[in-house]
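S.K.: Build me a structure from this.
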Amino acid sequence: MQKKTYYVADGVGTINGARVPSSRTVKLTDAEARYDLALERISPKKPKTGAKHSEGGEGDGAGD
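M.R.: Prediction:
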């Protein structure tokens, strides 16, 4: 089976019984990845970093 690269979510220390490397990526087969994918502990796509979350914002009526 061919292995694919997966990106590990923040706060996850082990994947498939092994420690997560500092690169935060692991290579797993589809079968190996199935469990952690279901729990959203890994992702086949690189997570977006530096995303700004809107807290309040225009037109929400807060403070009016």
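S.K.: Just give the closest residue to Asn16, not the sequence neighbours.
M.R.: Among residues not flanking Asn16 along the chain, Glu32 sits closest, at 5.0 Å (C-beta to C-beta, 6 or more residues apart in numbering). In this view, the C-beta of every residue, glycine as well, is placed from N, C-alpha and C.
S.K.: let me fix that: Lys27
M.R.: In space, Lys27 is closest to Lys3, 4.2 Å off (C-beta to C-beta, 6+ apart).
S.K.: what's the pLDDT at that neighbour?
M.R.: Among the per-residue scores, Lys3 holds a pLDDT of 96.
S.K.: Is it in contact with Asp30, as I believe?
M.R.: No - checked against C-beta atoms under 8 Å, the pair Lys3 and Asp30 is beyond contact range at 9.1 Å.
S.K.: just to revisit the earlier point, quickly note the distance from the residue nearest to Lys27 to Lys48.
M.R.: Applying C-beta to C-beta, to the nearest Å, the value for Lys3 to Lys48 is 24 Å.
S.K.: Could you do Val20 as well?
M.R.: 19 Å.
S.K.: which one of the two has more residues nearby?
M.R.: When Val20 is set against Lys48 and neighbours are counted by other C-beta atoms under 10 Å, the residue ahead is Val20, at 18 against 6.
S.K.: Enumerate residues external to stretch 35-43 that contact any of its residues.
M.R.: Applying C-beta atoms under 8 Å, 6 or more residues apart in numbering, the contact partners of stretch 35-43 are 6-9, 12, 15-16, 26, 28, 33, 44.
S.K.: Including neighbour count, pLDDT and secondary structure, could those residues go into CSV?
M.R.: Converted to CSV, these look like this (neighbours: other C-beta atoms under 10 Å; pLDDT from 0 to 100; DSSP: H, G, I helix; E, B strand; the rest coil):
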residue, neighbour count, pLDDT, secondary structure
Tyr6, 23, 98, strand
Tyr7, 14, 97, strand
Val8, 20, 97, strand
Ala9, 16, 96, coil
Val12, 15, 96, coil
Ile15, 21, 97, strand
Asn16, 16, 93, coil
Val26, 23, 97, strand
Leu28, 20, 97, strand
Ala33, 21, 97, helix
Pro44, 10, 95, coil
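S.K.: With that, I have no additional questions.
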